[in-house]
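**Q** Fold the following.
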Amino acid sequence: MNQRYIAALLVFVTVFAGVPAPVTAADHTAQCSFPMTVTDATGTDVTISENPERVVTTNPSAAQTMWEIGAKDQVVGVSQFALYLDGANEKTNISGSGGLNVEAVIGLEPDIVLVPNTTYTVEKDRIKQLRDAGLTVVVFESGDSLEAVADKTERIGRITGNCEAGAERADEMRTALENMERALEGVDRPVGLNVFFGYAAGGDTFISDVMTSAGLRNGAAEANFTGFGQLNEELVVEMNPEYLVVPDHAPIPSGPAYNSTTAIQEDNVILVDANNLQQPAPRAIDASEAILKAVHPDAYERYQELQSQSETETTDTQTETGTEEQAESTTTTTATPESTTESSAPGFGALASVAALAVVALLARRR
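**A** Down below sits the predicted model:
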């Protein structure tokens with residue numbers, strides 16, 4: 001098996017890994033307290049008894065998500081494709097020569113194991129071994145949008161005891177998507193094509209959404225090409241993409257078909273960090289930003305302005321909320337000193353946070 005084919009397969013594993021199943025009623029009921037029960041992609045009701053202190057991520061997108069919500073210290077095991085993350089080399093590598101190293105995972109004694117659907121599909125027996133060993137395993141489904149990534153981020157935050165951080169990071173993603181949409185109003189969208197090792201991302205794919213959110217049309221999707229697969233040269237010539245989106249670890253395509261395209265002739269090749277472009281995790285927004293900047297520089301400037309406004313509004317809201325809470329606390333203390341002792345009892349602040357987060361989560365959802 002040649003190296004290019006192996007690389008393509010690894011890309012497929014990375015792209016499909018780690019996007020969760022839709023949030024269930026059980027998830028909402030559990031909120032952010034433990035024990036909680038969630039239904040994973042296999043239909044299994046998984047009970048998480050207490051706040052996990054030791055987490056194993058079997059794919060790079062789940063690991064990236066833990067890093068992005070400030071929870072990397074909880075992670076004790078990662079796959080070899082997550083070693084690009086700062087400090088990941090200090091974690092145990094749970095990848096074996098033949099795939100997931102079951103013994104390594106069990107030996108880490110994790111409180112929870114985050115498993116992508118791709119891993120489950122090709123290694124059902126190994127996942128069963130983990131569950132038979134008594135480990136708490138949550139299997140995620142694949143997804144096809146940045147909104148699904150935001151949902152995943154929020155959900156991973158909840159099930160790993162990082163509810164507030166997960167919700168905040170998800171909200172940042174949703175705000176960025178809204179600001180991109182606003183910045184691109186009335187802008188003409190050229191045809192783009194994502195290419196890597198001879199493969200392309202068609203419709204109903206996560207990468208397609210990364211591109212279209214940044215102001216491109218996905219030529220492959222418009223040619224009724226769905227999923228991930230190889231493009232024939234006739235189709236490339238027919239769609240004549242104006243831009244090529246290429247992960248930075250892949251070669252720029254060449255040959256008569258690609259050389260005839262506007263993208264190659266005008267040097268409109270956008271190299272994007274593969275760890276952002278091909279992992280359904282929070283940094284995917286960075287991939288969309290890179291594409292937006294290259295294709296629509298004026299809209300990108302507008303987007304930056306909108307982002308700054310959003311950050312200012314968020315800061316003002318947080319400051320106002322904090323001031324109101326402080327004033328309320330001061331008033332309560334003055335009126336009834338006994339209530340001060342009660343409010344400072346363990347668990348009071350956590351309950352208030354859960355209620356606030358429930359409201360924030362509902363308001364943050366766009367779809």
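
**Q** which ones are touching Asn268?
**A** 242-244, 262, 294 (Cβ atoms under 8 Å, 6 or more residues apart in numbering). No exception for glycine: its C-beta is placed from N, CA and C like everyone else's.

**Q** one more time with 6 Å
**A** Tyr243 (Cβ atoms under 6 Å, 6 or more residues apart in numbering).

**Q** any idea how far Ile291 is from it?
**A** 11 Å (Cβ to Cβ, to the nearest Å).

**Q** Can you get me the centre-to-centre distance for stretch 200-209 and its chain?
**A** 15 Å (Cα atoms, centre = their mean, to the nearest Å).

**Q** same check, this time on stretch 32-42
**A** The chain centre lies 19 Å from the centre of stretch 32-42; the measure is Cα atoms, centre = their mean.

**Q** So what would you say the end-to-end distance of it is?
**A** Counting by Cα to Cα, to the nearest Å, you get 22 Å between the two ends of stretch 32-42.

**Q** Buried ones in that stretch, by neighbour count?
**A** For stretch 32-42, burial by neighbour count (16 or more other Cβ atoms under 10 Å) applies to 32, 36, 38-42.

**Q** So for it, mean pLDDT?
**A** Stretch 32-42 carries an average pLDDT of 93.

**Q** cool, and stretch 55-74?
**A** Stretch 55-74 comes out at a mean pLDDT of 96.

**Q** Out of the buried residues of stretch 32-42, which sit inside helices?
**A** The members of these all map outside helices under DSSP state H.

**Q** Closest one of these to Ala257?
**A** Minimum distance to Ala257 across those is 37.9 Å, recorded for Ala41 (Cβ to Cβ).

**Q** With adjacent residues omitted, what lies nearest to the closest one?
**A** The shortest distance from Ala41 to any non-neighbouring residue, by Cβ to Cβ, 6 or more residues apart in numbering, is to Glu141 (4.1 Å).

**Q** cool, and Val115?
**A** For Val115, the spatially nearest residue (Cβ to Cβ, 6+ apart) is Val139, at 4.7 Å.

**Q** What about that neighbour, how many residues nearby?
**A** 24 (other Cβ atoms under 10 Å).

**Q** still on that earlier bit, same list (the buried residues of stretch 32-42) but as a markdown table, adding distance to Ile112.
**A** A markdown table is the format used below for the buried residues of stretch 32-42 (distance: Cβ to Cβ, whole Å):
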| residue | distance to Ile112 |
| --- | --- |
| Cys32 | 15 |
| Met36 | 11 |
| Val38 | 10 |
| Thr39 | 15 |
| Asp40 | 11 |
| Ala41 | 15 |
| Thr42 | 15 |
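
**Q** taking those residues one by one, which sit in strands?
**A** 36, 38-39 (DSSP state E).

**Q** Ala167 contacts Glu154, doesn't it?
**A** Yes: applying Cβ atoms under 6 Å as the test, Ala167 and Glu154 come out as touching, 5.5 Å apart.

**Q** So which helix or strand of the protein has the lowest pLDDT on average?
**A** helix 337-343 (a mean of 24; mean pLDDT, DSSP states H and E).

**Q** Report the contact partners of the residue nearest in space to the middle of the chain.
**A** The chain has Ala281 as the residue nearest its centroid, 2.1 Å off, counting by Cα atoms, centre = their mean. With contact taken as Cβ under 6 Å, 6+ apart, Ala281 is in contact with 61, 64-65.

**Q** what's the answer for Glu233, then?
**A** Ala257.

**Q** Point out where the stretch 251-367 of the chain drops to low pLDDT.
**A** 316, 318-367 (pLDDT under 70).

**Q** can you do 80?
**A** 314-367 (pLDDT under 80).

**Q** can you pull out the helices in it?
**A** For the stretch 251-367 of the chain, helices defined by DSSP state H, counting those that start in this stretch occupy the ranges 256-259, 262-265, 274-277, 284-295, 297-335, 337-343, 348-364.

**Q** Val295: what's its closest spatial neighbour, skipping adjacent residues?
**A** Gly215 (5.5 Å).

**Q** close enough to count as contact, the one you found and His296?
**A** Yes: assessed by Cβ under 6 Å, Gly215 is found in contact with His296 at 4.8 Å.

**Q** Got the phi and psi for the residue nearest to Ala41?
**A** Main-chain dihedrals, Glu141, degrees, to the nearest 10: phi -90, psi 160.

**Q** is it true that it touches Asn117?
**A** Yes: counting by Cβ under 6 Å, Asn117 is a contact partner of Glu141 at 5.1 Å.

**Q** Now the common contact residues for the two.
**A** Common neighbours of Glu141 and Asn117 (Cβ under 6 Å, 6+ apart) are Ala41.

**Q** Looking at these two, which is more packed in?
**A** Taking other Cβ under 10 Å, Glu141 and Asn117 do not tie; Asn117 has more neighbours (22 against 18).

**Q** measure that one to Asp73 for me?
**A** In terms of Cβ to Cβ, Asn117 sits 26 Å off from Asp73.

**Q** Report how many residues lie close to Val195.
**A** For Val195, using other Cβ under 10 Å, the count is 24.

**Q** Which single one of the ones in strands among the buried residues of stretch 32-42 is nearest to Ile285?
**A** Val38 (25.1 Å).

**Q** And what about Asp171, helix, strand or coil?
**A** helix (DSSP: H, G, I helix; E, B strand; the rest coil).
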